[in-house]
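J.: pasting a predicted model and its sequence here:
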Amino acid sequence: MLFILSLMSALLVQMLGASPAVNSQPRAQIIRYDFDTANLPNSYRYHYDADDGSSRTEHGAILNSGTKDAALDVAGAVRWYDAKGHLYQMTYKAGKRGYRTIIKKLS
């Protein structure tokens, strides 16, 4: 269980410090941010929207908590616009079956 809590802490630190900005572009500003930790250490949920139209949503939960089979299960989605104004979305899931992503061009 301590390993899972450490993993969740590392994930949250990485998530909060990550930036999709490229060196030649101005850094996007967060205009809306929700972070639900009411069920920590068993689960979390967050969402943010940025002024460049990008967004991210994620939720995670510990499955089989308190057993030797306890595992962190995470799912989420990231949206962003490319330089030509096309909207993309990447959905992801991480858990016992590994890390899986799907990227789609939405517009």
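T.: Looks like it arrived, so ask away. Nothing here was measured: the structure is a model prediction, and the numbers come from that model. Residues are numbered from 1 along each chain as shown.
J.: now do the strands in this protein.
T.: In the chain, the strands defined using DSSP state E lie at 30-36, 43-50, 55-63, 71-81, 87-95, 98-105.
J.: make JSON lines from those strands and add mean neighbour count and mean pLDDT to it.
T.: C-beta: built from backbone N, CA, C; applies to glycine. Putting these into JSON lines (neighbours: other Cβ atoms under 10 Å; pLDDT from 0 to 100) gives the following:
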{"stretch": "strand 30-36", "mean neighbour count": "11", "mean pLDDT": "93"}
{"stretch": "strand 43-50", "mean neighbour count": "18", "mean pLDDT": "95"}
{"stretch": "strand 55-63", "mean neighbour count": "18", "mean pLDDT": "95"}
{"stretch": "strand 71-81", "mean neighbour count": "16", "mean pLDDT": "95"}
{"stretch": "strand 87-95", "mean neighbour count": "15", "mean pLDDT": "96"}
{"stretch": "strand 98-105", "mean neighbour count": "10", "mean pLDDT": "95"}
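J.: what about the nearest residue to residue 64 once chain neighbours are set aside, how many neighbours?
T.: Nearest-residue entry for residue 64: residue 70, 5.0 Å, with adjacent residues in sequence omitted and distances by Cβ to Cβ, 6 or more residues apart in numbering. Neighbour count of residue 70, defined by other Cβ atoms under 10 Å: 13.
J.: measure residue 70 to residue 95 for me?
T.: Residue 70 sits 12 Å away from residue 95, taking Cβ to Cβ, to the nearest Å as the criterion.
J.: that older thread, so what does the residue nearest to residue 64 look like in phi/psi?
T.: phi -60, psi 140 (degrees, to the nearest 10).
J.: in contact with residue 89: list those residues for me.
T.: With Cβ atoms under 8 Å, 6 or more residues apart in numbering as the criterion, the residues that contact residue 89 are 77-79, 103-104, 106.
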